[in-house]
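Enquirer: return a 3D structure for these sequence lines:
(one chain, ligands or ions: 2)
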Amino acid sequence: MHHFHYHKRELYAEEVPVARIVEEVGTPVYIYSAATLRRHFRVFREAFSGIPHLLCYSVKANSNLAVLALLAREGSGADIVSGGELYRALRAGIPPEKIVFSGVGKTEKEMEEALSAGILMFNVESLGELEALSRVARRLGRKAPLAIRVNPDVDPRTHPYISTGLKKNKFGLPEGLAFQAYLRAKEDPYLEPVGVDCHIGSQLTEISPFVEALRRLKTLYLRLREEGLPLRYLDLGGGLGIVYGEEEPPPPREYAEALLREMRDLPETTLILEPGRVIAGNAGILVTRVLYVKHHPPTEENPEGRTFVIVDAGMNDLIRPTLYQAYHRIQPIRETLEGETLVADVVGPICESGDFLARERRLPAVRPGELLAVMSAGAYGFVMSSNYNSRPRAAEVLVDGARFFVVRKRETYEDLVRLEEIPEF
Ligand SMILES: Cc1ncc(COP(=O)(O)O)c(C=O)c1O
Ligand SMILES: N[C@@H](CCCC[NH3+])C(=O)O
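Expert: Ligands and ions are numbered 1, 2, ... in the order given. A predicted model of the protein is given here:
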(Lines give C-alpha, C1' and ligand atoms only; values in the text may rest on other atoms or scores of the structure.)
(Ligands and ions follow the chains in the order given, each with its own letter.)
Protein backbone atom coordinates (compact mmCIF):
# COMPACT_ATOMS: atom_id res chain seq x y z
CA MET A 1 0.00 0.00 0.00
CA HIS A 2 1.12 3.52 -0.75
CA HIS A 3 1.15 5.77 2.26
CA PHE A 4 0.58 8.89 0.16
CA HIS A 5 -2.72 8.15 -1.52
CA TYR A 6 -6.04 9.66 -2.57
CA HIS A 7 -9.19 9.00 -0.63
CA LYS A 8 -12.37 10.61 -1.89
CA ARG A 9 -10.19 12.63 -4.26
CA GLU A 10 -8.13 14.09 -1.47
CA LEU A 11 -4.44 13.41 -0.87
CA TYR A 12 -3.66 11.69 2.42
CA ALA A 13 -0.43 11.02 4.22
CA GLU A 14 -1.25 7.72 5.89
CA GLU A 15 -4.55 8.46 7.67
CA VAL A 16 -4.20 12.24 7.74
CA PRO A 17 -5.52 14.53 5.00
CA VAL A 18 -2.64 16.65 3.75
CA ALA A 19 -4.93 19.69 3.72
CA ARG A 20 -5.45 19.31 7.46
CA ILE A 21 -1.71 19.44 8.11
CA VAL A 22 -1.45 22.54 5.94
CA GLU A 23 -4.28 24.21 7.86
CA GLU A 24 -2.26 23.89 11.01
CA VAL A 25 1.30 24.25 9.78
CA GLY A 26 1.06 26.31 6.59
CA THR A 27 3.15 26.01 3.43
CA PRO A 28 5.71 25.17 2.22
CA VAL A 29 5.89 22.07 4.38
CA TYR A 30 7.73 18.76 4.12
CA ILE A 31 5.61 15.80 5.17
CA TYR A 32 7.16 12.41 5.94
CA SER A 33 5.40 9.10 6.45
CA ALA A 34 6.66 7.03 9.39
CA ALA A 35 5.07 3.88 7.97
CA THR A 36 6.90 4.32 4.67
CA LEU A 37 10.23 4.90 6.41
CA ARG A 38 9.73 1.77 8.49
CA ARG A 39 8.62 -0.27 5.50
CA HIS A 40 11.59 0.79 3.39
CA PHE A 41 14.00 -0.03 6.17
CA ARG A 42 12.42 -3.42 6.89
CA VAL A 43 12.32 -4.45 3.23
CA PHE A 44 16.02 -3.69 3.02
CA ARG A 45 16.84 -5.50 6.23
CA GLU A 46 14.88 -8.59 5.25
CA ALA A 47 16.51 -8.65 1.83
CA PHE A 48 19.92 -8.98 3.49
CA SER A 49 18.86 -11.25 6.34
CA GLY A 50 20.75 -14.20 4.81
CA ILE A 51 24.19 -12.86 5.74
CA PRO A 52 25.88 -10.84 8.48
CA HIS A 53 25.19 -7.25 7.57
CA LEU A 54 24.84 -3.76 8.98
CA LEU A 55 22.60 -1.07 7.52
CA CYS A 56 24.06 2.36 8.11
CA TYR A 57 21.38 4.80 6.96
CA SER A 58 23.06 7.67 5.16
CA VAL A 59 22.20 10.60 7.40
CA LYS A 60 22.76 13.23 4.71
CA ALA A 61 19.65 12.09 2.81
CA ASN A 62 17.33 13.27 5.57
CA SER A 63 18.81 14.11 8.92
CA ASN A 64 15.78 15.25 10.87
CA LEU A 65 16.15 13.94 14.44
CA ALA A 66 12.73 12.30 14.35
CA VAL A 67 13.59 10.41 11.17
CA LEU A 68 16.89 9.29 12.68
CA ALA A 69 15.24 8.25 15.95
CA LEU A 70 12.63 6.24 14.06
CA LEU A 71 15.35 4.43 12.11
CA ALA A 72 17.44 3.94 15.26
CA ARG A 73 14.51 2.08 16.77
CA GLU A 74 14.39 -0.12 13.70
CA GLY A 75 18.00 -1.04 14.41
CA SER A 76 19.67 1.20 11.88
CA GLY A 77 23.23 2.42 12.11
CA ALA A 78 24.42 5.60 10.43
CA ASP A 79 26.73 6.71 7.67
CA ILE A 80 27.87 10.21 8.60
CA VAL A 81 30.02 12.79 6.81
CA SER A 82 30.53 15.48 9.45
CA GLY A 83 30.72 16.25 13.12
CA GLY A 84 27.23 17.71 12.79
CA GLU A 85 25.87 14.43 11.49
CA LEU A 86 27.67 12.55 14.29
CA TYR A 87 25.99 14.86 16.78
CA ARG A 88 22.57 14.27 15.23
CA ALA A 89 23.02 10.50 15.01
CA LEU A 90 24.04 10.24 18.67
CA ARG A 91 21.27 12.62 19.79
CA ALA A 92 18.76 10.43 17.96
CA GLY A 93 19.96 7.32 19.76
CA ILE A 94 21.98 5.58 17.06
CA PRO A 95 24.62 3.50 18.85
CA PRO A 96 28.19 4.67 18.07
CA GLU A 97 29.27 1.11 17.32
CA LYS A 98 26.93 1.24 14.31
CA ILE A 99 28.33 4.47 12.87
CA VAL A 100 30.71 4.76 9.91
CA PHE A 101 32.32 8.08 9.02
CA SER A 102 32.76 8.88 5.30
CA GLY A 103 33.85 12.05 3.50
CA VAL A 104 36.94 13.50 1.79
CA GLY A 105 37.42 16.42 4.15
CA LYS A 106 37.19 15.29 7.76
CA THR A 107 38.88 17.71 10.14
CA GLU A 108 40.99 16.51 13.06
CA LYS A 109 38.38 17.93 15.39
CA GLU A 110 35.66 15.84 13.75
CA MET A 111 37.84 12.73 13.85
CA GLU A 112 38.52 13.35 17.53
CA GLU A 113 34.80 13.59 18.26
CA ALA A 114 34.05 10.40 16.37
CA LEU A 115 36.93 8.45 17.88
CA SER A 116 35.99 9.53 21.40
CA ALA A 117 32.41 8.50 20.71
CA GLY A 118 33.66 5.03 19.74
CA ILE A 119 32.36 4.71 16.17
CA LEU A 120 32.67 1.49 14.18
CA MET A 121 35.04 2.78 11.52
CA PHE A 122 36.45 5.70 9.59
CA ASN A 123 36.24 5.47 5.83
CA VAL A 124 39.53 7.15 4.98
CA GLU A 125 39.79 8.83 1.60
CA SER A 126 43.41 10.00 1.30
CA LEU A 127 46.93 9.39 2.59
CA GLY A 128 46.87 12.80 4.26
CA GLU A 129 43.72 11.86 6.11
CA LEU A 130 45.33 8.59 7.21
CA GLU A 131 48.20 10.54 8.77
CA ALA A 132 45.77 12.90 10.44
CA LEU A 133 43.76 10.01 11.85
CA SER A 134 46.92 8.46 13.24
CA ARG A 135 47.84 11.75 14.95
CA VAL A 136 44.38 12.07 16.44
CA ALA A 137 44.41 8.49 17.70
CA ARG A 138 47.85 8.94 19.27
CA ARG A 139 46.63 12.09 21.04
CA LEU A 140 43.64 10.27 22.44
CA GLY A 141 45.61 7.12 23.21
CA ARG A 142 43.15 4.98 21.22
CA LYS A 143 43.30 2.80 18.16
CA ALA A 144 41.30 4.13 15.20
CA PRO A 145 39.36 1.45 13.29
CA LEU A 146 39.34 2.21 9.58
CA ALA A 147 38.62 1.22 6.04
CA ILE A 148 40.16 2.86 3.02
CA ARG A 149 37.60 4.15 0.57
CA VAL A 150 38.55 2.68 -2.76
CA ASN A 151 37.71 4.41 -5.99
CA PRO A 152 36.95 1.34 -8.10
CA ASP A 153 36.58 3.31 -11.35
CA VAL A 154 33.18 1.84 -12.11
CA ASP A 155 30.68 3.85 -14.14
CA PRO A 156 27.43 4.00 -12.17
CA ARG A 157 25.58 5.35 -15.22
CA THR A 158 23.77 8.02 -13.27
CA HIS A 159 23.80 11.84 -13.38
CA PRO A 160 27.43 13.09 -13.64
CA TYR A 161 26.98 15.33 -10.58
CA ILE A 162 26.15 12.36 -8.39
CA SER A 163 28.54 9.71 -9.66
CA THR A 164 31.44 9.35 -7.28
CA GLY A 165 33.33 6.17 -8.17
CA LEU A 166 35.10 7.27 -11.34
CA LYS A 167 38.81 8.09 -11.50
CA LYS A 168 38.00 11.70 -12.32
CA ASN A 169 35.87 12.11 -9.15
CA LYS A 170 37.45 13.43 -5.96
CA PHE A 171 36.42 10.43 -3.88
CA GLY A 172 38.51 7.58 -2.49
CA LEU A 173 41.89 6.19 -3.53
CA PRO A 174 42.65 4.09 -6.59
CA GLU A 175 43.25 0.42 -5.76
CA GLY A 176 47.06 0.61 -5.96
CA LEU A 177 47.32 3.55 -3.58
CA ALA A 178 44.69 2.04 -1.32
CA PHE A 179 46.80 -1.12 -1.00
CA GLN A 180 49.81 0.94 0.07
CA ALA A 181 47.70 2.87 2.53
CA TYR A 182 46.65 -0.40 4.18
CA LEU A 183 50.25 -1.56 4.51
CA ARG A 184 51.11 1.78 6.08
CA ALA A 185 48.15 1.51 8.47
CA LYS A 186 49.11 -2.03 9.44
CA GLU A 187 52.45 -0.80 10.81
CA ASP A 188 50.89 2.00 12.85
CA PRO A 189 50.09 1.12 16.48
CA TYR A 190 47.29 3.68 16.48
CA LEU A 191 45.54 2.50 13.33
CA GLU A 192 43.48 -0.63 12.95
CA PRO A 193 42.36 -1.54 9.42
CA VAL A 194 39.08 -3.43 9.78
CA GLY A 195 37.40 -3.15 6.37
CA VAL A 196 37.35 -2.03 2.76
CA ASP A 197 34.93 0.63 1.57
CA CYS A 198 33.54 2.22 -1.57
CA HIS A 199 30.57 4.24 -2.76
CA ILE A 200 30.15 4.63 -6.49
CA GLY A 201 27.28 7.07 -6.84
CA SER A 202 23.68 7.81 -6.17
CA GLN A 203 20.33 7.11 -7.87
CA LEU A 204 21.68 4.00 -9.67
CA THR A 205 19.04 2.15 -11.63
CA GLU A 206 21.12 -0.90 -12.55
CA ILE A 207 22.62 -3.63 -10.42
CA SER A 208 25.69 -4.44 -12.50
CA PRO A 209 27.84 -1.46 -11.42
CA PHE A 210 27.32 -2.48 -7.77
CA VAL A 211 28.34 -6.06 -8.53
CA GLU A 212 31.35 -4.83 -10.46
CA ALA A 213 32.39 -2.59 -7.56
CA LEU A 214 31.87 -5.38 -5.02
CA ARG A 215 34.05 -7.75 -7.05
CA ARG A 216 36.85 -5.22 -7.08
CA LEU A 217 36.50 -4.63 -3.36
CA LYS A 218 36.60 -8.37 -2.76
CA THR A 219 39.80 -8.80 -4.73
CA LEU A 220 41.52 -6.13 -2.68
CA TYR A 221 40.00 -7.44 0.55
CA LEU A 222 41.32 -10.98 -0.08
CA ARG A 223 44.75 -9.71 -1.07
CA LEU A 224 44.94 -7.73 2.14
CA ARG A 225 43.85 -10.68 4.23
CA GLU A 226 46.68 -12.65 2.65
CA GLU A 227 49.00 -9.89 3.84
CA GLY A 228 47.78 -10.66 7.33
CA LEU A 229 45.32 -7.81 7.82
CA PRO A 230 42.42 -9.00 9.96
CA LEU A 231 39.68 -7.36 7.89
CA ARG A 232 36.02 -8.13 8.59
CA TYR A 233 33.89 -5.45 6.92
CA LEU A 234 33.05 -4.82 3.29
CA ASP A 235 31.26 -1.49 2.95
CA LEU A 236 29.61 -1.02 -0.43
CA GLY A 237 28.15 2.42 0.31
CA GLY A 238 24.68 3.47 -0.78
CA GLY A 239 23.29 4.54 -4.11
CA LEU A 240 20.30 2.38 -4.96
CA GLY A 241 17.90 4.50 -7.00
CA ILE A 242 14.18 5.13 -6.58
CA VAL A 243 11.24 5.89 -8.85
CA TYR A 244 10.81 9.61 -9.45
CA GLY A 245 9.20 9.30 -12.87
CA GLU A 246 9.83 6.73 -15.56
CA GLU A 247 12.96 5.05 -14.22
CA GLU A 248 12.81 1.40 -13.17
CA PRO A 249 15.35 0.77 -10.43
CA PRO A 250 15.74 -2.80 -9.21
CA PRO A 251 13.77 -3.65 -6.07
CA PRO A 252 15.96 -4.02 -2.94
CA ARG A 253 15.44 -7.78 -3.01
CA GLU A 254 17.06 -8.15 -6.43
CA TYR A 255 19.86 -5.81 -5.48
CA ALA A 256 20.43 -7.84 -2.30
CA GLU A 257 20.35 -11.18 -4.11
CA ALA A 258 23.05 -10.07 -6.52
CA LEU A 259 25.24 -8.92 -3.64
CA LEU A 260 24.56 -12.01 -1.53
CA ARG A 261 25.81 -14.18 -4.40
CA GLU A 262 29.11 -12.30 -4.33
CA MET A 263 29.39 -12.62 -0.55
CA ARG A 264 28.94 -16.41 -0.47
CA ASP A 265 32.65 -17.16 -0.39
CA LEU A 266 33.23 -14.64 2.42
CA PRO A 267 31.26 -16.15 5.29
CA GLU A 268 33.14 -14.33 8.05
CA THR A 269 32.60 -10.92 6.60
CA THR A 270 29.95 -8.37 7.51
CA LEU A 271 28.51 -6.47 4.57
CA ILE A 272 27.86 -2.82 5.37
CA LEU A 273 25.45 -0.78 3.27
CA GLU A 274 24.76 2.95 3.45
CA PRO A 275 21.33 3.42 1.87
CA GLY A 276 19.94 6.95 1.96
CA ARG A 277 17.58 7.86 -0.86
CA VAL A 278 15.98 4.42 -1.05
CA ILE A 279 14.90 4.73 2.59
CA ALA A 280 13.80 8.37 2.69
CA GLY A 281 13.13 9.55 -0.89
CA ASN A 282 9.62 8.25 -1.40
CA ALA A 283 8.75 8.66 2.26
CA GLY A 284 8.35 12.41 1.87
CA ILE A 285 6.55 15.12 -0.08
CA LEU A 286 6.85 18.88 -0.23
CA VAL A 287 3.52 20.70 -0.15
CA THR A 288 3.30 24.15 -1.65
CA ARG A 289 0.53 26.64 -2.41
CA VAL A 290 -0.10 28.23 -5.78
CA LEU A 291 0.27 31.99 -5.51
CA TYR A 292 -0.31 33.11 -9.09
CA VAL A 293 -0.78 31.73 -12.56
CA LYS A 294 0.50 33.91 -15.34
CA HIS A 295 0.69 33.57 -19.05
CA HIS A 296 3.31 35.12 -21.30
CA PRO A 297 1.92 35.80 -24.76
CA PRO A 298 3.23 33.90 -27.81
CA THR A 299 6.52 34.91 -29.38
CA GLU A 300 8.20 33.65 -32.52
CA GLU A 301 10.29 31.05 -30.73
CA ASN A 302 7.44 30.26 -28.36
CA PRO A 303 4.27 30.20 -30.48
CA GLU A 304 2.15 28.82 -27.66
CA GLY A 305 3.28 31.41 -25.18
CA ARG A 306 4.40 30.25 -21.79
CA THR A 307 2.47 29.62 -18.61
CA PHE A 308 3.99 29.95 -15.17
CA VAL A 309 2.49 28.48 -12.06
CA ILE A 310 4.10 30.49 -9.30
CA VAL A 311 4.17 28.65 -5.99
CA ASP A 312 5.40 29.48 -2.49
CA ALA A 313 8.23 26.89 -2.50
CA GLY A 314 11.42 27.69 -4.34
CA MET A 315 14.84 26.33 -5.12
CA ASN A 316 15.87 27.24 -1.60
CA ASP A 317 13.36 24.65 -0.38
CA LEU A 318 14.04 21.95 -2.98
CA ILE A 319 17.12 22.45 -5.11
CA ARG A 320 17.17 19.12 -6.96
CA PRO A 321 15.36 20.32 -10.11
CA THR A 322 17.70 23.32 -10.39
CA LEU A 323 20.87 21.44 -9.55
CA TYR A 324 20.38 18.18 -11.46
CA GLN A 325 17.42 18.90 -13.72
CA ALA A 326 15.82 16.31 -11.49
CA TYR A 327 12.25 15.27 -12.18
CA HIS A 328 9.71 15.27 -9.34
CA ARG A 329 6.09 14.42 -9.95
CA ILE A 330 3.69 17.20 -8.97
CA GLN A 331 0.16 16.34 -7.91
CA PRO A 332 -2.80 18.38 -6.72
CA ILE A 333 -3.95 17.86 -3.15
CA ARG A 334 -7.52 17.74 -4.40
CA GLU A 335 -7.75 15.36 -7.30
CA THR A 336 -9.61 16.67 -10.29
CA LEU A 337 -11.07 14.12 -12.68
CA GLU A 338 -10.68 14.59 -16.42
CA GLY A 339 -10.73 18.32 -15.91
CA GLU A 340 -8.98 20.94 -17.92
CA THR A 341 -5.20 20.82 -18.00
CA LEU A 342 -2.42 23.24 -18.76
CA VAL A 343 1.26 22.98 -19.57
CA ALA A 344 3.34 25.18 -17.32
CA ASP A 345 6.61 25.86 -15.63
CA VAL A 346 6.17 25.50 -11.90
CA VAL A 347 8.39 28.17 -10.42
CA GLY A 348 9.23 29.62 -7.03
CA PRO A 349 9.45 33.20 -5.77
CA ILE A 350 13.26 33.41 -5.90
CA CYS A 351 15.11 35.91 -8.07
CA GLU A 352 16.84 33.33 -10.25
CA SER A 353 15.80 31.97 -13.62
CA GLY A 354 16.94 28.58 -12.34
CA ASP A 355 14.28 28.68 -9.66
CA PHE A 356 11.87 26.04 -10.89
CA LEU A 357 10.36 22.82 -9.56
CA ALA A 358 9.19 21.58 -12.97
CA ARG A 359 9.37 22.71 -16.56
CA GLU A 360 6.80 22.31 -19.32
CA ARG A 361 4.75 20.09 -17.09
CA ARG A 362 1.16 19.07 -17.82
CA LEU A 363 -0.94 19.80 -14.75
CA PRO A 364 -4.60 20.12 -13.92
CA ALA A 365 -5.67 23.72 -14.54
CA VAL A 366 -4.67 24.94 -11.09
CA ARG A 367 -5.81 28.22 -9.60
CA PRO A 368 -4.25 30.52 -7.03
CA GLY A 369 -4.76 29.20 -3.51
CA GLU A 370 -4.67 25.55 -4.49
CA LEU A 371 -2.19 23.14 -2.96
CA LEU A 372 0.32 21.00 -4.85
CA ALA A 373 2.42 18.09 -3.64
CA VAL A 374 5.93 17.72 -4.99
CA MET A 375 6.47 13.98 -4.71
CA SER A 376 9.57 11.93 -3.81
CA ALA A 377 11.00 14.80 -1.80
CA GLY A 378 11.96 12.91 1.36
CA ALA A 379 15.65 12.58 0.46
CA TYR A 380 17.96 15.51 -0.37
CA GLY A 381 15.02 17.86 0.06
CA PHE A 382 14.92 19.78 3.32
CA VAL A 383 18.55 18.91 4.09
CA MET A 384 19.72 20.83 1.02
CA SER A 385 17.48 23.82 1.66
CA SER A 386 18.84 27.27 2.41
CA ASN A 387 17.73 30.72 3.50
CA TYR A 388 18.48 32.34 0.14
CA ASN A 389 16.35 35.43 -0.40
CA SER A 390 15.93 35.46 3.39
CA ARG A 391 13.26 32.83 3.22
CA PRO A 392 12.67 31.05 6.53
CA ARG A 393 13.08 27.32 5.96
CA ALA A 394 10.00 25.16 5.68
CA ALA A 395 8.45 23.19 8.50
CA GLU A 396 8.83 19.40 8.65
CA VAL A 397 6.02 17.11 9.72
CA LEU A 398 6.09 13.40 10.49
CA VAL A 399 2.84 11.49 10.08
CA ASP A 400 2.39 8.23 11.97
CA GLY A 401 -0.94 6.54 11.33
CA ALA A 402 -3.69 8.95 12.31
CA ARG A 403 -1.35 11.34 14.13
CA PHE A 404 1.08 13.94 12.94
CA PHE A 405 3.94 15.75 14.62
CA VAL A 406 5.75 18.94 13.70
CA VAL A 407 9.30 17.58 13.85
CA ARG A 408 10.87 20.87 12.83
CA LYS A 409 9.13 24.19 13.24
CA ARG A 410 8.98 26.66 10.43
CA GLU A 411 11.78 29.16 10.86
CA THR A 412 10.89 32.70 11.85
CA TYR A 413 12.35 36.05 10.76
CA GLU A 414 14.06 36.15 14.14
CA ASP A 415 15.75 32.82 13.33
CA LEU A 416 17.11 34.36 10.14
CA VAL A 417 19.17 36.95 12.01
CA ARG A 418 19.71 35.13 15.30
CA LEU A 419 23.48 34.72 14.85
CA GLU A 420 24.10 38.11 13.27
CA GLU A 421 25.29 41.27 14.89
CA ILE A 422 25.63 44.89 13.79
CA PRO A 423 29.07 46.08 14.95
CA GLU A 424 29.77 49.51 16.44
CA PHE A 425 31.33 50.88 13.27
C1 LIG B 1 29.65 7.76 1.14
C2 LIG B 1 28.19 7.78 0.85
N3 LIG B 1 27.43 6.80 1.34
C4 LIG B 1 26.11 6.75 1.12
C5 LIG B 1 25.47 7.70 0.34
C6 LIG B 1 24.00 7.58 0.15
O7 LIG B 1 23.65 7.49 -1.14
P8 LIG B 1 22.14 7.21 -1.56
O9 LIG B 1 21.30 8.25 -0.95
O10 LIG B 1 22.19 7.30 -3.03
O11 LIG B 1 21.79 5.84 -1.07
C12 LIG B 1 26.23 8.73 -0.23
C13 LIG B 1 25.61 9.72 -1.14
O14 LIG B 1 25.61 9.50 -2.33
C15 LIG B 1 27.63 8.78 0.04
O16 LIG B 1 28.37 9.76 -0.44
N1 LIG C 1 22.08 15.29 -3.26
C2 LIG C 1 22.00 14.44 -4.41
C3 LIG C 1 22.67 13.16 -4.24
C4 LIG C 1 24.07 13.29 -3.79
C5 LIG C 1 24.41 12.16 -2.94
C6 LIG C 1 25.33 12.56 -1.89
N7 LIG C 1 26.43 11.63 -1.78
C8 LIG C 1 20.57 14.30 -4.89
O9 LIG C 1 19.73 15.02 -4.50
O10 LIG C 1 20.27 13.49 -5.71
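
Enquirer: can you pull out the helices in the chain?
Expert: Listed in chain order, the helices of the chain (DSSP state H) span 18-25, 34-47, 65-73, 83-91, 108-117, 127-140, 175-186, 208-226, 252-263, 277-280, 320-324, 413-417.

Enquirer: need the ones you listed in a markdown table (columns: distance to E246 and mean neighbour count).
Expert: Bear in mind the C-beta positions are built from the backbone N, C-alpha and C, glycine included. A markdown table is the format used below for the helices of the chain (distance: least, Cβ to Cβ, whole Å; neighbours: other Cβ atoms under 10 Å):
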| stretch | distance to E246 | mean neighbour count |
| --- | --- | --- |
| helix 18-25 | 25 | 16 |
| helix 34-47 | 21 | 19 |
| helix 65-73 | 27 | 20 |
| helix 83-91 | 32 | 19 |
| helix 108-117 | 40 | 18 |
| helix 127-140 | 40 | 18 |
| helix 175-186 | 35 | 17 |
| helix 208-226 | 20 | 18 |
| helix 252-263 | 19 | 18 |
| helix 277-280 | 17 | 30 |
| helix 320-324 | 16 | 18 |
| helix 413-417 | 39 | 11 |
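
Enquirer: okay if I get those as TSV plus distance to L54 and mean pLDDT?
Expert: Below are the helices of the chain laid out as TSV (distance: least, Cβ to Cβ, whole Å; pLDDT from 0 to 100):
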stretch	distance to L54	mean pLDDT
helix 18-25	34	98
helix 34-47	10	98
helix 65-73	13	98
helix 83-91	14	98
helix 108-117	17	98
helix 127-140	21	98
helix 175-186	21	96
helix 208-226	15	96
helix 252-263	13	97
helix 277-280	14	98
helix 320-324	28	97
helix 413-417	37	98
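
Enquirer: what's the closest of the ones you listed to ligand 2?
Expert: Among those, helix 320-324 comes nearest to ligand 2, with 4.8 Å by Cβ to the nearest ligand atom.

Enquirer: so how far is that closest one off the chain centroid?
Expert: Put simply, helix 320-324 sits 14 Å off its chain's centre (Cα atoms, centre = their mean, to the nearest Å).

Enquirer: which other helices and strands contact it?
Expert: Under the contact definition 3 or more Cβ pairs under 8 Å, 6 or more residues apart in numbering; DSSP states H and E, helix 320-324 sits against strand 356-364.

Enquirer: touching ligand 2 at all, the strand it packs on?
Expert: No - using Cβ under 6 Å from any ligand atom, strand 356-364 never reaches ligand 2; the gap is at least 13.7 Å.

Enquirer: partners of that strand, with directions?
Expert: strand 341-347 (antiparallel) (DSSP bridges).

Enquirer: which residues are contacting the strand it pairs with?
Expert: With Cβ atoms under 8 Å, 6 or more residues apart in numbering as the test, strand 341-347 has contacts from 293, 304, 306-311, 314, 330, 355-366, 372.

Enquirer: at 10 Å instead, please
Expert: Residues outside strand 341-347 that contact it (Cβ atoms under 10 Å, 6 or more residues apart in numbering): 288, 290, 292-296, 304, 306-311, 313-315, 321, 328, 330, 353-366, 372, 374.

Enquirer: can you flag the buried ones in those residues?
Expert: Neighbour-count burial (16 or more other Cβ atoms under 10 Å) applied to those gives 288, 290, 293, 307, 309-311, 313-315, 321, 328, 330, 355-358, 361, 363-364, 366, 372, 374.

Enquirer: need the strands for the stretch 251-400 of the chain, in chain order.
Expert: Along the stretch 251-400 of the chain, the stretches classed as strands by DSSP state E, counting those that start in this stretch are 270-273, 284-296, 306-311, 330-332, 341-347, 356-364, 371-374, 395-400.

Enquirer: export the ones you listed to TSV and tack on mean pLDDT?
Expert: Converted to TSV, these look like this (pLDDT from 0 to 100):
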stretch	mean pLDDT
strand 270-273	98
strand 284-296	97
strand 306-311	97
strand 330-332	97
strand 341-347	96
strand 356-364	97
strand 371-374	98
strand 395-400	98
